[in-house]
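[1] quick one, structure for this:
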Amino acid sequence: MVFLGGDKLIIGYDLGREHAQISFAASQDGTVETLSQVAGEEKFSIPTALCKRYGANQWLYGREAQRLAGENQGVLVENLLELALDGEPVIVDGESFDPVALLALFFKRSLGNLKVASMVITCPMLDHRVIEVLGQVAGGMELRADKLYYQSYSESFYTYMLRQPEELWLHRSVLFEYRADGVKAYLMECNRRTRPMVVSVEEREYLFSDYGYFSGAGYEELDQALCRIAEEACSGGPVGSVYLIGEEFGEDWMKNSLRFLCRGRRVFQGSNLFSKGACWGMLEKLEPSEAGKNHVFLGKDKLKANIGMDILRQREESYCALLDAGVNWYQAEQSIEIYIQGGNELELTVTPLIGGRAVGAASENGGRKVRMVLEGLPETAARIRLRLFLESEKILVAEAEDLGFGQFRMPSGGVWREAIDIYEAMR
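    Residues are numbered from 1 along each chain as shown. Okay, here's the model as predicted:
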């Protein structure tokens, strides 16, 4: 067992739109607990809300914020993540507040006296804007950028399953997350024919109204709708385990649904899977488990192709890896300087790991060659700064800048930019 320094903790922070949850580990032995909001009870959910007391600089968070607002003693501010993403000032009790600062305040209050060694924040979805806002929040918390990581809910489901008995995910695993108007399903599948084994998670949205249940109807109609959703989600192959996330799920009304789900499957109910998965995700970064070493997660937020180029090293041709499959597409970036000995073309190799077909002409290693023409570049020796990044999960952007060639040629000022669709078709 490896203990962390002092009393610092590894934190898995589930930041949902309406609720947050905090799981933590004091050591790297895999033991993870979830912070309860009520002593002696499993009350894990923290409403993502602040309340400012009227006429005073006093802020409460979570359940206390809702209580104060319910007593008409303050102004309630909800949907803190969405407000921070919008970026518009928030007027509270006649004053203007920075929404990112309000979100940072919520983090500080909810973490309380917990001392953070490192933290993974997991959210329903991640993109450049979410990462930018959460980075600002971390700055307000004085948490170093290299101690903060991000995971989607899909990846937190995967890292949660890495620490579960293997028999639970020999076949597909399905997670149902209860929503006000329906269910979101996460379908995890492992391709055991590849090395390392590739794990993917498909996300599906199901509306109750599409399955015969409408607001105001009884639990019997809700049970029937959920049963039909479960039958559809679990079709297409064997399912070994099912996870029900949300306090709304209850045995007293899910009679038909549970009868179907428990048929040859292990079924679990809870609410803290994502925060635990985030915490285990951090532990995997520190000390990968055997399962983590043998699997790679390629969810929708992951780059699903290796990207590189053939170069000459000491007059011998070799492959230079630039971006590796498995990294978050919104964090995939590389910048290098290269020399072109005559001509005005760069050639990248795109090798997809799963799904679809890479663009370009085929290469010897199974990838596809993609040529980028630098029109107007003097066709003599040139030094080029090449920057690669993704603007979406499928679109690779290549930017090339002419740096000249030392004393022989000054930079031309030329900058070339090309957007490359990595896949012509996705599975």
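[2] please enumerate the helices of the chain.
    Listed in chain order, the helices of the chain (DSSP state H) span residues 62-70, 80-86, 99-111, 128-140, 153-162, 219-233, 255-261, 273-286, 290-294.
[3] okay, the angle between the third one and helix 128-140?
    Spelled out, it's helix 99-111. Compare the direction of helix 99-111 with that of helix 128-140 by axes from the mean of the first three to the mean of the last three CA atoms, to 10 degrees and you get 60 degrees.
[4] again, but for the fifth one
    What separates the directions of helix 153-162 and helix 128-140 is an angle of 70 degrees, with the same axes, to 10 degrees.
[5] who touches helix 153-162?
    Contact partners of helix 153-162, identified using CB atoms under 8 Å, 6 or more residues apart in numbering, comprise 12, 14, 122-125, 151, 168-169, 173, 175, 177, 186, 188, 199, 201, 203, 243, 273-278, 280-281, 284, 289, 291-292, 295, 297, 299-302. All C-beta atoms are positioned from the backbone trio N, CA, C, and that covers glycine.
[6] rerun that using 7 Å as the cut-off
    The contact list for helix 153-162, computed with CB atoms under 7 Å, 6 or more residues apart in numbering, reads 122, 124, 169, 173, 175, 186, 188, 199, 201, 203, 273-274, 276-278, 280-281, 284, 289, 291-292, 297, 299-301.
[7] quick revisit: any idea which of the helices of the chain scores lowest on pLDDT?
    For these, the weakest mean pLDDT is recorded on helix 128-140, namely a mean of 89.
[8] what about Arg63, how many neighbours?
    Other residues near Arg63 come to 15 when the count uses other CB atoms under 10 Å.
[9] does it really touch Gln37, like I thought?
    Yes. If you go by CB atoms under 7 Å, Arg63 and Gln37 touch, sitting 6.2 Å apart.
[10] ok so, going back, with distance to Glu375 added, can I get the helices of the chain in TSV?
    Shown next, in TSV, are the helices of the chain (distance: least, CB to CB, whole Å):
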stretch	distance to Glu375
helix 62-70	58
helix 80-86	39
helix 99-111	42
helix 128-140	29
helix 153-162	40
helix 219-233	50
helix 255-261	59
helix 273-286	43
helix 290-294	46
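[11] so for Ile422, which of those helices sits nearest?
    Go through these one by one with CB to CB and the one that ends up closest to Ile422 is helix 128-140, at 17.4 Å.
[12] still on that earlier bit, and the contacts of helix 153-162, which are buried?
    Buried residues within those, defined by neighbour count using 16 or more other CB atoms under 10 Å: 122, 124, 169, 173, 175, 186, 188, 199, 201, 203, 273-274, 276-278, 280-281, 284, 291-292, 297, 299, 301.
[13] any idea which helix or strand in the protein has the lowest mean pLDDT?
    The helix or strand of the chain with the lowest confidence, counting by mean pLDDT, DSSP states H and E, is strand 361-362 at a mean of 48.
[14] so where is the chain shaky, pLDDT-wise?
    Flagging of the chain using pLDDT under 70 yields the residue ranges 1-6, 354-366, 406-407, 424-427.
[15] find the residue at the geometric middle of it.
    Central residue check for the chain by CA atoms, centre = their mean: the C-alpha nearest the mean position is that of Ser152, 2.1 Å away.
[16] ok, that residue touching Ile121?
    No. Taking contacts as CB under 7 Å, Ser152 lies outside contact range of Ile121: 10.5 Å.
[17] can you get me a residue count around the spatially closest residue to Ser96 that is not a sequence neighbour?
    Using CB to CB, 6 or more residues apart in numbering and skipping the chain neighbours, the partner closest in space to Ser96 is Pro89 (4.5 Å). Using other CB under 10 Å as the criterion, Pro89 is surrounded by 12 other residues.
[18] and Pro89, how far is that from Glu95?
    Note on Pro89: its distance to Glu95, by CB to CB, to the nearest Å, is 10 Å.
[19] for stretch 342-356, buried residues please.
    Along stretch 342-356, these residues count as buried under the neighbour rule (16+ other CB under 10 Å): 344, 346, 348-353, 356.
[20] my bad, should have said stretch 380-387
    By neighbour count, with 16+ other CB under 10 Å as the criterion, the buried positions of stretch 380-387 are 382-384, 386.
[21] which of those residues lies closest to Gln28?
    Within the buried residues of stretch 380-387, the smallest distance to Gln28 is 38.2 Å, found for Leu386 (CB to CB).
[22] thinking the closest one is in contact with Tyr339, fair?
    No. Judged on CB under 7 Å, Leu386 makes no contact with Tyr339 at a distance of 11.1 Å.
[23] quick one: contacts for the closest residue to Asp86 other than its chain neighbours?
    The spatially closest residue to Asp86, leaving aside those adjacent along the chain, is Pro99, at 6.8 Å (CB to CB, 6+ apart). For Pro99, the set of contacting residues under the criterion of CB under 7 Å, 6+ apart consists of 83-84, 86-88, 90.
[24] so which of those residues wins on neighbours?
    Most crowded among the contacts of Pro99, counting by other CB under 10 Å, is Ala84 at 25 neighbours.
[25] which residues are in contact with it?
    Ala84 makes contacts with 99-100, 103, 133, as judged by CB under 7 Å, 6+ apart.
[26] most neighbours of all those residues, which one?
    The contacts of Ala84, ranked by neighbours (other CB under 10 Å): first place Leu103, 25 neighbours.
[27] show me what contacts that one?
    Contacts of Leu103 (CB under 7 Å, 6+ apart): 80-81, 84, 137.
[28] just give the number of residues close to the closest residue to Leu170 other than its chain neighbours.
    Excluding the flanking residues, the one nearest Leu170 by CB to CB, 6+ apart is Gly240, at 5.6 Å. Neighbours of Gly240 under the rule other CB under 10 Å: 16.
[29] ok, now how distant is Gly240 from Leu168?
    6 Å.
[30] who touches both of these two?
    With CB under 7 Å, 6+ apart, Gly240 and Leu168 have common neighbours Arg266.
[31] of the contacts of Pro99, closest to Asn113?
    Ala84 (24.0 Å).
[32] so how far is Leu143 from the closest one?
    Counting by CB to CB, the gap from Ala84 to Leu143 is 16 Å.
[33] run a quick neighbour tally on His171.
    Going by other CB under 10 Å, the residues that sit close to His171 add up to 17.
[34] need the contact list for the nearest residue to it once chain neighbours are set aside.
    Distance criterion CB to CB, 6+ apart; nearest residue to His171, sequence neighbours excluded, is Gly240 at 3.8 Å. Each residue near Gly240 by CB under 7 Å, 6+ apart is listed here: 168-173, 265-266.
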